[in-house]
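Engineer: Dropping a prediction and its sequence here:
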Amino acid sequence: MRKIILFFIFFLFVSISVQAQKYFTRSGNVSFHSLALLEEIDAFNNQGTFVLDIGTGQLQMAVLIKGFQFEKALMQEHFNENYMESNDFPKAFFRGRIISPSSLNFDVPGKIDCVLEGELTIRGISKPINIPAIFTAEEGKITGTATFPVTVADFDISIPSVVKDKIAKSVEIKVDVTLDPM
Amino acid sequence: MKEFLILLGLAGILIGGIIAYNLFNKEHDSLKAKNPDFTLSASELFDQFSLDEKNANAKYLDKIIEVSGQVAKISQSENGQTQVFLKSNDPMFGVICEIDMQSGTPESGWKEGDSILLKGLCSGFLMDVALNRCIPVIK
């Protein structure tokens, strides 16, 4: 009888400790910045979804292209219709995992410098990418931030020569998320 | 007479240039004066997207949607942007509405559990149906 109780307690303990394995947000911040000769373009999206499994280190982030807000209405229109064709490709996402450090410990509060390895999919085109990121474990939540460049041409986004001095060849993407346990 | 015509022509070009410049640099119009393309509840909107995302995208993307629903949560991001989450039939997800920053803080009277009415532009579906540039609708 004691063995059964002991086993039951052990099982309960194990199942509780694996409960908060996934952390996520539905209002993550993704912004991009393009600095070209004639123009500086900034856009931000505050409705990014981000899921992180702290047990396996796997993570996924997704944004809706139409959710990117530009200051100028015409720029937002061109971005969606001409460059991103967001009616056909409404989402962009990253799927990958933390490859460094090899063992993760989010139980201890503090910063963890990471490298993420995965695939970035924009306009239906997937490209492998490595992204340096910083996760900070805090009481009851995890914050994450990453800044990385994306070469526009890699995703078949062609910039007409007329505006080539207004849009940079490489765009800087910044991600800021605060993740709560799922 | 000729000089007058030349002057008129130049004035026309100048005015045209100013209009074009303003158009190019124009910020977004508020949705305040615009009529919604669709009116439905947050639950209905969520169901449409979770049942058939492709058709819902074709129907609702870039359209102004007037949505009624109960506030599940209100959150603020670091840059002051407010997100209002509306409940649906789904236990976890619903409709996420980003409040139009340009129209001040019209949602400041809202709190969890309130039944509200707002309109916004639909940008698609991830875990929730996403609306942007939302403003409250007062009837």
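Structural biologist: Happy to help now that I have it.

Engineer: C-alpha only now, for contacts and for neighbours.
Structural biologist: Fine.

Engineer: per-residue pLDDT, residue A:20?
Structural biologist: Listed pLDDT for residue A:20 reads 67.

Engineer: just checking, what's the longest strand in chain B?
Structural biologist: strand B:64-76 (DSSP state E).

Engineer: mind listing what's buried in that strand?
Structural biologist: Using 16 or more other C-alpha atoms under 10 Å in any protein chain shown as the test for burial, strand B:64-76 gives B:64, B:65, B:66, B:67, B:68, B:69, B:70, B:71, B:72, B:73, B:74.

Engineer: helices or strands up against that strand?
Structural biologist: Under the contact criterion of 3 or more C-alpha pairs under 8 Å, 6 or more residues apart in numbering or on different chains; DSSP states H and E, strand B:64-76 touches strand B:38-41, helix B:42-51, strand B:82-86, strand B:115-125.

Engineer: Relative to residue B:96, which of these is closest?
Structural biologist: Across those, residue B:96 has its closest neighbour in strand B:82-86 (4.6 Å, C-alpha to C-alpha).

Engineer: Please name the strands paired to that closest one in the sheet, noting orientation.
Structural biologist: Looking at strand B:82-86 with DSSP bridges, its partner strands are strand B:64-76 (antiparallel), strand B:95-99 (antiparallel).

Engineer: ok, residues contacting it?
Structural biologist: Strand B:82-86 has contacts (C-alpha atoms under 8 Å, 6 or more residues apart in numbering or on different chains) with A:27, B:42, B:69-77, B:94-99.

Engineer: unless I'm mixing things up, residue B:89 is touching residue B:45, no?
Structural biologist: No: Residue B:89 lies out of contact with residue B:45 (C-alpha atoms under 8 Å); the separation is 10.3 Å.

Engineer: quick one: which of the two has more around it?
Structural biologist: Applying other C-alpha atoms under 10 Å in any protein chain shown to residue B:89 and residue B:45 shows that residue B:45 carries more neighbours, namely 22 against 12.

Engineer: who touches that one in this structure?
Structural biologist: So residue B:45 contacts B:95, B:129 (C-alpha under 8 Å, 6+ apart).

Engineer: Next one: residue A:8 from chain B, what distance?
Structural biologist: 30 Å (C-alpha to the nearest C-alpha, to the nearest Å).

Engineer: Am I right that that residue is in a helix?
Structural biologist: Yes: counting by DSSP: H, G, I helix; E, B strand; the rest coil, residue A:8 is located in a helix.

Engineer: Run a quick neighbour tally on it.
Structural biologist: 12.
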